[in-house]
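how would this look folded up:
(2 chains)
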Amino acid sequence: GAGVSQTPSNKVTEKGKYVELRCDPISGHTALYWYRQSLGQGPEFLIYFQGTGAADDSGLPNDRFFAVRPEGSVSTLKIQRTERGDSAVYLCASKGASNTDTQYFGPGTRLTVL
Amino acid sequence: SQQGEEDPQALSIQEGENATMNCSYKTSINNLQWYRQNSGRGLVHLILIRSNEREKHSGRLRVTLDTSKKSSSLLITASRAADTASYFCATDAGDSSYKLIFGSGTRLLVRP
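Purely as a prediction, here's the structure:
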């Protein structure tokens, strides 16, 4: 596709459940990023992939959060034992190889934990 | 934690007026970018300015960067009601990851 896509667009779950959020980056982009945005705030970095490997996961808040990118394209963000505080918009972005390339964002997944 | 701070937090202007938003950051950067966001969803990239650039234009947008003061400004000229949105500056972390560190944003309202 032409842009970054994310599915689902909205996810409502109950406290304690497991969720998976999917990101399809722009074709050919080697770098992929996950961010989380709470209401009224700017996005906050979670994890960065270069190819298949997680090059920087310093933004993951705790070990309930995990992300994979097994073939260097699609990525899945996984959240175990969800808590109400996990409610936010989860944004994915991809970027080309040049250091002046911009990050292109997907529309996000709005996660609501009841 | 967020590096950038936008100023003002909210701005209300009349259509046709210019809108100026400011951003300050804390650490060394490679690039600084401005993004726009409607309704709390997709971020749209507006402009990127490199650390060795001082000013950049794109249509009705003008961005300046002062690395000595660690600050940037975004000017939107001849504003339109459709410019109503939240605007964020984002700096990279100055390392090889180019992960973005966002400010808290300026909410711009352009009144028709």
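
quick one: residue A:71 and chain B, what's the gap?
According to C-beta to the nearest C-beta, to the nearest Å, residue A:71 and chain B sit 21 Å apart. Every residue, glycine included, has its C-beta placed from N, CA and C.

how about the strands in chain B?
For chain B, the strands defined by DSSP state E cover B:5-7, B:10-14, B:19-24, B:31-37, B:43-50, B:55-58, B:61-66, B:71-76, B:85-92, B:100-102, B:106-111.

ditto for chain A
A:5-7, A:10-13, A:19-24, A:31-37, A:44-50, A:53-56, A:65-68, A:75-79, A:88-95, A:104-105, A:109-113.

need the ones you listed in JSON lines (columns: mean pLDDT and mean neighbour count).
Below are those laid out as JSON lines (pLDDT from 0 to 100; neighbours: other C-beta atoms under 10 Å in any protein chain shown):
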{"stretch": "strand A:5-7", "mean pLDDT": "97", "mean neighbour count": "17"}
{"stretch": "strand A:10-13", "mean pLDDT": "97", "mean neighbour count": "14"}
{"stretch": "strand A:19-24", "mean pLDDT": "98", "mean neighbour count": "19"}
{"stretch": "strand A:31-37", "mean pLDDT": "96", "mean neighbour count": "24"}
{"stretch": "strand A:44-50", "mean pLDDT": "95", "mean neighbour count": "22"}
{"stretch": "strand A:53-56", "mean pLDDT": "88", "mean neighbour count": "16"}
{"stretch": "strand A:65-68", "mean pLDDT": "96", "mean neighbour count": "17"}
{"stretch": "strand A:75-79", "mean pLDDT": "98", "mean neighbour count": "19"}
{"stretch": "strand A:88-95", "mean pLDDT": "96", "mean neighbour count": "24"}
{"stretch": "strand A:104-105", "mean pLDDT": "93", "mean neighbour count": "22"}
{"stretch": "strand A:109-113", "mean pLDDT": "97", "mean neighbour count": "19"}
